[in-house]
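J.: when you get a sec, could you give me coordinates for this:
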Amino acid sequence: MEKTVLITGCSSGIGRATAEDFLDDEWTVYATARDEDDLTDLAEAGCETADLDVTNAREVERVVDRILDEQGRLDVLVNNAGTAQFGPVEDVPTDALAEQFDVNVYGPHRLIREVLPHMRERERGRIINVSSAVGLLATPGEGIYSSSKFALEGLSDALRNEVDQYGIDVVLVEPGPVATNFESRVADSRKRLDRSGAYESIYRIQDERESIGASDTFGMPPEAVAAVITDAAVVSDPDARYPVGRIAKVCALARHLPGRWRDRVWSLLRRVTSLR
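T.: Predicted coordinates for the structure are as follows:
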């Protein structure tokens with residue numbers, strides 16, 4: 001019997017590549033996105049598709065119920081859907097912070113609550129939460145996005161030990177920079193900021209990243225992350241977390257350094273930037 005996976009955020013990037021990877025491995029794939037029209041090619045390739053806005057509890061319930069009705073099982077949930085709000089913490093309106101958590105934290109939580117009763121009943125299942133390198137190490141100008149990923153990390157660590165007794169695994173995948181048009185997302189999210197004028201050095205760093213297309217130039221392809229997600233879904237005894245790429249692995253190590261040392265690095269970077 002084919003195994004079944006539900007993946008959120010499949011309209012592009014990591015989610016799309018992950019759906020294709022599972023499909024190649026002959027899984028029954030339910031690929032979802034806020035607009036199902038973005039998934040036409042995945043449907044043509046053989047995926048089941050559905051509208052799913054992870055901030056909408058009714059849509060979450062509807063999609064999970066559909067999978068269980070049609071397949072009778074859900075083996076793996078991949079919480080990949082996410083959004084990114086950038087900017088210095090003071091400059092980000094509180095409603096933007098709330099929206100960031102609604103997608104990146106509450107969304108996975110809604111799906112987890114919906115699938116767990118089924119997985120507990122079967123005494124098997126796997127939940128893979130896609131976090132980020134900035135869920136390991138916070139950086140200036142990304143505090144809102146980073147805080148949502150830190151929250152997802154904490155939720156996952158607690159959940160893993162709560163559901164282990166039921167034969168359910170919880171895994172974190174933590175990519176570094178990925179070539180998924182990151183700079184345009186930074187620019188879009190900055191439109192919502194109330195710029196105070198106090199953090200221009202941070203904006204200059206982000207502007208420089210945007211001007212050289214840093215994520216597309218230095219980021220890994222989304223297929224590299226998808227391969228790790230697929231491997232984490234099938235290995236018999238998965239690790240708790242999988243940093244993906246050199247930067248993520250460096251962040252995983254750097255978080256163990258004293259906070260004072262890390263702060264000095266950012267202080268030096270700020271001084272160098274201010275001299276330009």
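J.: what about the residue lying closest to Asp75 once chain neighbours are set aside, how many residues nearby?
T.: Leaving aside its chain neighbours, Asp75 sits nearest to Lys3 (4.2 Å; criterion: Cβ to Cβ, 6 or more residues apart in numbering). To be clear about C-beta, it is placed using only N, CA and C from the backbone, and glycine gets the same treatment. For Lys3, the count of nearby residues is 18 (other Cβ atoms under 10 Å).
J.: separation between Lys3 and Val89?
T.: Going from Lys3 to Val89 by Cβ to Cβ, to the nearest Å gives 42 Å.
J.: wait, a helix at Asp157?
T.: Yes - counting by DSSP: H, G, I helix; E, B strand; the rest coil, Asp157 is located in a helix.
J.: report the contact partners of the nearest residue to it once chain neighbours are set aside.
T.: With sequence-adjacent residues excluded and distances taken as Cβ to Cβ, 6+ apart, Asp157 is closest to Ala240, at 7.3 Å. Applying Cβ atoms under 8 Å, 6 or more residues apart in numbering to Ala240 gives the contacts Asp157, Arg160, Val170, Val171, Leu172.
J.: same thing but 7 Å
T.: Arg160, Val171, Leu172 (Cβ atoms under 7 Å, 6 or more residues apart in numbering).
J.: hang on, the first one packs against Val170?
T.: Yes - using Cβ atoms under 7 Å, Arg160 is in contact with Val170, at 3.8 Å.
J.: more crowded one of the two?
T.: Each of Arg160 and Val170 has its neighbours counted (other Cβ under 10 Å); Val170 has more, 24 against 19.
J.: so which residues make contact with the particular helix or strand that has that one in it?
T.: Assigned by DSSP states H and E, Val170 belongs to strand 168-175. Outside strand 168-175, the residues within contact range by Cβ under 7 Å, 6+ apart are 119, 124-133, 135-136, 153, 156, 159-160, 163, 225, 228-229, 232, 238, 240-245, 248.
J.: do the same with stretch 245-264
T.: Ala133, Leu136, Leu137, Glu174, Pro175, Gly176, Pro177, Met220, Pro243.
J.: if we go to 6 Å?
T.: Ala133, Leu136, Leu137, Glu174, Gly176, Met220, Pro243 (Cβ atoms under 6 Å, 6 or more residues apart in numbering).
J.: that one: end-to-end distance?
T.: 24 Å (Cα to Cα, to the nearest Å).
J.: stretch 34-41 now?
T.: Start-to-end, stretch 34-41 (Cα to Cα) is 15 Å.
J.: what residues of it count as buried?
T.: Within stretch 34-41, the residues scored as buried using 16 or more other Cβ atoms under 10 Å are Arg34, Glu36, Asp38, Leu39.
J.: following the chain past the helix or strand of the chain at the bottom of the mean pLDDT ranking, name the next helix or strand.
T.: Least confident element among the helices and strands of the chain, by mean pLDDT, DSSP states H and E: helix 214-218 (a mean of 64). Sequence order places helix 222-234 as the next helix or strand after helix 214-218, per DSSP H and E.
J.: helices and strands around whichever helix or strand comes after that following helix, which ones?
T.: As assigned by DSSP H and E, the chain's next helix or strand after helix 222-234 is strand 241-244. The elements that strand 241-244 packs onto, with contact taken as 3 or more Cβ pairs under 6 Å, 6 or more residues apart in numbering; DSSP states H and E, are strand 168-175, helix 222-234.
J.: center of the protein - which residue?
T.: Geometric centre of the chain, nearest residue: Val130, 3.7 Å, by Cα atoms, centre = their mean.
J.: next up, phi/psi of that one, please.
T.: phi -90, psi 110 (degrees, to the nearest 10).
J.: state the distance from it to Pro93.
T.: With Cβ to Cβ as the criterion, Val130 and Pro93 are 26 Å apart.
J.: what's the burial count for Asn56?
T.: Asn56 is flanked by 15 other residues according to other Cβ under 10 Å.
J.: show me the contacts for Trp27.
T.: Trp27 makes contact with Lys3, Val5 under the criterion Cβ under 6 Å, 6+ apart.
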